[in-house]
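> I would like to see how this sequence folds:
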Amino acid sequence: MPKDQESSQCRQNQHIQTQSEPQGLENAQVSKAVEETSASSPNPLMPGNVKEAPAAKMLSTPEGPQGLCSSAIAVAATSSSHPDEGSSSKEEEKSASASQSTAAPENLPIDALHEKVGRLVGFMLLKYKMKEPITKAEMLKIIIKDDEDHFPEILLGASERMEIIFGLDVKEVDPPSHRYGLFIKLGLTYDGMLSPEDRVPKTGLLILILGAIFMKGNRATEEEVWEVLNVTGLYSGRKHFIFGDPREFITKDLVKEKYLEYRQVPNSDPAQYEFLWGPRAHAETTKMKVLEFVAKVHGTDPSSFPSQYEEALRDEEERAQARISVRAGSISTATASSSAMSGSSSHT
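Alright, predicted model coming up:
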């Protein structure tokens, strides 16, 4: 490699590292939280509805200290790397096969794997905040280092956590140069990062709440929503060290952004409150997308939830009909306008 090119690459790598260092403590906290797991936590996306999906197994993680991954969202991400016996998910089988075919003969110790995955998640969050793409070369040099043989396994684990915890998809946007981008899931356009002080995207919390509302019959009481969030380590009035004040985010920010409706339950005395999908949620995502996410967390298929699946299918059909009607209306308007112009021209 020419010296000037080598020098340029060194400066680039040094720039990446120096950009990371000022936020070292913050990223270390995030990485450690993602790395940690807890023993068998119930999955919160369907409290009280599991009976409707007998095929869905409750997920658990290896034992370990409590942290962010004590949330069942993170539990699902960790467990998907170690699927339950009898799982028929093609995606899981494909991922497992890919990991086995590329990994070294001796598996990376589970603690070392979790540490690498946690560090990579922290690095991805930093790059997302900086609005920069991620390259395989950066991941290998800064995070994975001497474990290149386990790159697919570590990347898979980090991608799952980014998806389930933070609501971001990791996609390879330029295969020849192995460049990756981070994109908000389910068609949503909001990540909850409204100021430089916001540390991590909160789309995962939004998806969690939308899922809980849908699975509860399109409305969920405030108590039911907090029942779900409590399992993830989030409590009303208690500031979370990563996600901040969850109550303000849910009852103010998401309502202001029109993702949620927060209203008093009719005729409730004493007053009770409930959450519904807001107009922006209906506009940006669909019940089927949310159900698919819920099913993936459970390691099952959307059809395992019959009533919700039928409702999601009806919603898809109604949306398709609405699109056809709008298209037909546009064509009719254009035709009428063209005819009017033609008639006007013939009279002149």
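> what pLDDT is listed against residue 283?
You'll see residue 283 listed with a pLDDT of 96.
> check residue 144 too.
Residue 144 is assigned a predicted lDDT (pLDDT) of 83.
> so the closest residue to residue 216 other than its chain neighbours versus residue 244, what's the distance?
Using C-beta to C-beta, 6 or more residues apart in numbering and skipping residues adjacent in sequence, the residue nearest residue 216 is residue 224, 5.9 Å away. To be clear about C-beta, it is placed using only N, CA and C from the backbone, and glycine gets the same treatment. Distance from residue 224 to residue 244, counting by C-beta to C-beta, to the nearest Å: 22 Å.
> try residue 193
The value you get for residue 193 to residue 244, if C-beta to C-beta is used, is 11 Å.
> for residue 261, same thing?
As judged by C-beta to C-beta, residue 261 and residue 244 stand 22 Å apart.
> before we move on, what about residue 228?
18 Å.
> of those two, which one has the most company?
The residue with more neighbours, out of residue 228 and residue 244, is residue 228; 25 against 18, by other C-beta atoms under 10 Å.
> so residue 323 sits in a strand?
No. According to DSSP: H, G, I helix; E, B strand; the rest coil, the state of residue 323 is helix, so it is not within a strand.
> where does residue 182 land in three-state SS?
Once three-state DSSP is applied, residue 182 turns out strand.
> next, count neighbours for it.
23.
> quick one: pLDDT of it?
Listed pLDDT for residue 182 reads 96.
> when you give positions from now on, start the count at 359
In the new numbering, first residue 359, that becomes residue 540.
> how far away is it from residue 653?
Going from residue 540 to residue 653 by C-beta to C-beta gives 23 Å.
> which residue ranges of the stretch 509-658 of the chain form strands?
Ranges of strands in the stretch 509-658 of the chain, per DSSP state E, counting those that start in this stretch, are 526-532, 537-542, 578-579, 618-622, 631-635.
> C-alpha coordinates for the longest one, CSV please?
C-alpha atoms of strand 526-532 as CSV (Å, rounded to 0.1, in the frame of the first residue of the first chain):
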residue,chain,number,x,y,z
LEU,A,526,-33.4,-0.3,14.2
ASP,A,527,-32.6,-2.6,11.2
VAL,A,528,-29.0,-3.2,10.3
LYS,A,529,-28.8,-3.5,6.5
GLU,A,530,-25.9,-4.0,4.2
VAL,A,531,-26.3,-1.0,1.8
ASP,A,532,-23.1,-1.5,-0.3
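> mean confidence score for it?
Averaging pLDDT along strand 526-532 yields 94.
> just checking: what are the partner strands of that strand?
Sheet partners assigned to strand 526-532 using DSSP bridges are listed as strand 537-542 (antiparallel).
> what's in contact with the partner strand?
With C-beta atoms under 8 Å, 6 or more residues apart in numbering as the test, strand 537-542 has contacts from 482, 485-486, 491-494, 520, 525-531, 548-549, 559, 561.
> derive a ChimeraX selection command for the buried subset of those residues.
Here is the ChimeraX command that selects only those of the contacts of strand 537-542 that count as buried (16 or more other C-beta atoms under 10 Å):
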select :482,485,486,492,493,494,520,525,526,528,548,549,559,561
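> residue 522: how many residues sit nearby?
27.
> I figured it hits residue 561, correct?
No. Counting by C-beta atoms under 8 Å, residue 522 stays clear of residue 561, with 11.0 Å between them.
> mind listing what's buried in stretch 619-630?
Going by 16+ other C-beta under 10 Å, stretch 619-630 has these buried residues: 619-620.
> next: stretch 495-502.
Going by 16+ other C-beta under 10 Å, stretch 495-502 has these buried residues: 496-498, 501-502.
> for this protein, give me the ranges with low pLDDT.
Applying pLDDT under 70 to the chain picks out residues 359-466, 688, 690-706.
> again, only using 50
Scanning the chain for pLDDT under 50 picks out the ranges 361, 363-381, 383, 394-463.
> how's it carved up into domains?
Under the assignment automatic domain parsing, the domains of the chain span 361-545, 562-638, 663-705.
> mind listing what's buried along stretch 553-568?
By neighbour count, with 16+ other C-beta under 10 Å as the criterion, the buried positions of stretch 553-568 are 557-568.
> can you list which of these are found in helices?
561-568 (DSSP state H).
> can you add distance to residue 667 and give the strands of the stretch 509-658 of the chain back as JSON lines?
What follows is the strands of the stretch 509-658 of the chain, written out as JSON lines (distance: least, C-beta to C-beta, whole Å):
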{"stretch": "strand 526-532", "distance to residue 667": "23"}
{"stretch": "strand 537-542", "distance to residue 667": "24"}
{"stretch": "strand 578-579", "distance to residue 667": "19"}
{"stretch": "strand 618-622", "distance to residue 667": "23"}
{"stretch": "strand 631-635", "distance to residue 667": "17"}
